[in-house]
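K.L.:
What shape does this take:
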Amino acid sequence: MPELPEVETVRRGLQPVLEGARLARVEARRADLRFPFPEGFVQRLTGAVILRLERRAKYLMAELDRGETLVMHLGMSGRFEIARPEGTVRPGEFHYAADPDPKHAHVVLDTEGGGRVTYYDPRRFGYMALLDTPTREQHPWFAGLGPEPLSPAFDAGLLAKAFAGRKQGPKTLLLDQRIVAGLGNIYVCEALNRARISPFKPAGGIKRARLGALVDIIRDVLNEAIAAGGSTLRDYAAADGALGYFQHRFRAYDREGQPCLNHGCKGVIAREVRAGRSTFFCPACQT
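P.N.:
Numbering: from 1, shown residues only. Reported below is the predicted structural model:
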């Protein structure tokens with residue numbers, strides 16, 4: 001499942017083609033993805049101008065000039081391909097995905113300027129919807145979301161309040177989208193390792209000063225991953241076809257049995273599975 005940096009990478013790749021563009025032609029090649037397309041999906045999009053392309057948590061949101069917002073979620077295998085006269089750009093190709101197969105091209109957006117964006121989704125776990133823009137934040141997908149981790153609203157005070165008296169580990173709570181939106185398994189593992197905080201010990205016992213450092217580290221990890229094009233996808237947006245490469249900077253995730261890279265630590269990264277999800281951490285320095 002793509003996390004915040006991957007979705008943000010896709011947004012930035014699509015932005016030059018879609019933001020400010022009028023959709024001259026829209027094609028939906030099936031009636032549904034994970035959920036059915038909304039009634040009149042093609043007609044409501046055709047001729048609309050995309051005023052801005054935003055991200056909220058792990059959602060892409062294209063605000064239209066008609067008072068609606070096209071909301072897109074990539075699911076597990078969704079990705080976009082941009083076709084241009086000079087070639088093809090894939091702003092979000094998953095690292096282990098197969099090459100695009102035409103039979104998995106489910107939605108095509110053609111702009112007046114000649115751009116074409118095709119949405120592929122072999123597993124069809126992604127979905128798209130059209131929401132009323134003024135009330136979209138009240139929709140069940142968004143109403144309970146916490147603040148963005150890169151926003152000023154995400155700070156030590158928020159974590160202190162969310163963690164107070166909690167016996168769950170900080171990893172469980174940081175993955176709770178009601179506390180902070182967009183964080184996933186990879187980047188929580190990375191941040192907790194850099195902060196030297198145990199993923200499992202009760203979050204309520206973490207001192208306020210350590211929470212402040214954790215907030216800063218979470219931001220640093222996310223910004224580094226965005227700059228690197230993410231971890232779980234290939235990013236062909238660059239002219240030289242450069243790939244997303246944050247996976248080569250992992251300090252904890254997927255490094256079971258390898259030395260901990262924290263300064264002065266002689267521990268070894270361990271992996272523990274709880275509720276079907278792997279946690280990578282250093283037992284020696286994450287206390």
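K.L.:
Just give me how far the host helix or strand of Tyr187 sits from the chain centre.
P.N.:
Counting by DSSP states H and E, the element that carries Tyr187 is helix 185-195. Taking CA atoms, centre = their mean, to the nearest Å, one finds helix 185-195 lying 15 Å from the centre of the chain it belongs to.
K.L.:
contacts for the helix or strand following that helix?
P.N.:
Per DSSP H and E, the first helix or strand lying C-terminal to helix 185-195 is helix 208-227. In this structure, residues lying in contact with helix 208-227 by CB atoms under 8 Å, 6 or more residues apart in numbering are 4-5, 8-9, 149-150, 154-156, 159-160, 163, 170, 174, 183, 187, 190-192, 194-195, 197, 206, 231, 246, 249. Using the backbone N, CA and C atoms, a C-beta is placed for each residue, glycine as well.
K.L.:
Selection in PyMOL covering whichever of these are buried, please.
P.N.:
In PyMOL, this line selects whichever of the contacts of helix 208-227 come out buried by 16 or more other CB atoms under 10 Å:
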select buried, resi 4+5+8+9+149+154+156+159+160+163+170+174+183+187+190+191+192+194+195+197+206+231+246
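K.L.:
For Leu23, see how far away the residue nearest to Arg255 when sequence neighbours are not counted is.
P.N.:
Nearest non-adjacent residue to Arg255, counting by CB to CB, 6 or more residues apart in numbering: Ile269, 4.5 Å away. Distance of Ile269 to Leu23, computed by CB to CB, to the nearest Å: 47 Å.
K.L.:
before we move on, what about Ala191?
P.N.:
38 Å.
K.L.:
This protein: strands as residue ranges?
P.N.:
In the chain, the strands defined using DSSP state E lie at 23-28, 50-56, 59-64, 68-73, 79-84, 87-89, 93-94, 105-111, 116-120, 127-132, 233-234, 270-274, 277-281.
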